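A.B. asks: one predicted model, sequence on top.
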Amino acid sequence: SNSLGKPLPHASAPFHCTGEAIYVDDIPTPPSTLHAFLLLATECDVTLKSINKEAALKIPGVVDVYTHDDLVKLGGENAIGPIMHDECVFLP
């Protein structure tokens, strides 16, 4: 059978229509889960001169602070993007 040009039901449609779909917000957070937070720039076209990891690590609940330098040490990829990977995650 040729389905080209014919509407097909989405695989998750029955779950959405019956209320059986499970969403991320419906899943309980396991105990001791670590959460990540990206600190974003508040201004454009500025130069980041330094990051004071020590001050951040003194905040209760902060386990570690990761920067571009850590990404380089791990050999990680810093470029992202939906089609072209041309956006930086961490500023060098």
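C.D. replies: Received it, and whenever you're ready, just let me know what you need.
A.B. asks: in the chain, where is pLDDT below threshold?
C.D. replies: 1 (pLDDT under 70).
A.B. asks: can you give me the helices in it?
C.D. replies: 13-18, 53-57, 68-74 (DSSP state H).
A.B. asks: can you redo those helices as TSV with mean neighbour count and distance to Ala41?
C.D. replies: No exception for glycine: its C-beta is placed from N, CA and C like everyone else's. Putting these into TSV (neighbours: other Cβ atoms under 10 Å; distance: least, Cβ to Cβ, whole Å) gives the following:
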stretch	mean neighbour count	distance to Ala41
helix 13-18	10	37
helix 53-57	11	16
helix 68-74	12	13
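A.B. asks: out of those, nearest to Gly81?
C.D. replies: Judged by Cβ to Cβ, the one of the helices of the chain that comes nearest to Gly81 is helix 68-74, at 16.3 Å.
A.B. asks: what's in contact with that closest one?
C.D. replies: Asn78, Val89, Phe90, Leu91, Pro92 (Cβ atoms under 8 Å, 6 or more residues apart in numbering).
A.B. asks: to Thr42, which of the helices of the chain lies closest?
C.D. replies: Nearest of the helices of the chain to Thr42, taken as Cβ to Cβ: helix 53-57 at 16.2 Å.
A.B. asks: can I get the CA coordinates of that closest one in PDB?
C.D. replies: C-alpha atoms of helix 53-57 as PDB (Å, rounded to 0.1, in the frame of the first residue of the first chain):
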ATOM      1  CA  LYS A  53      34.600  29.500  40.600                       C
ATOM      2  CA  GLU A  54      35.600  29.800  44.300                       C
ATOM      3  CA  ALA A  55      32.800  32.200  45.100                       C
ATOM      4  CA  ALA A  56      30.200  30.100  43.300                       C
ATOM      5  CA  LEU A  57      31.400  26.900  45.100                       C
END
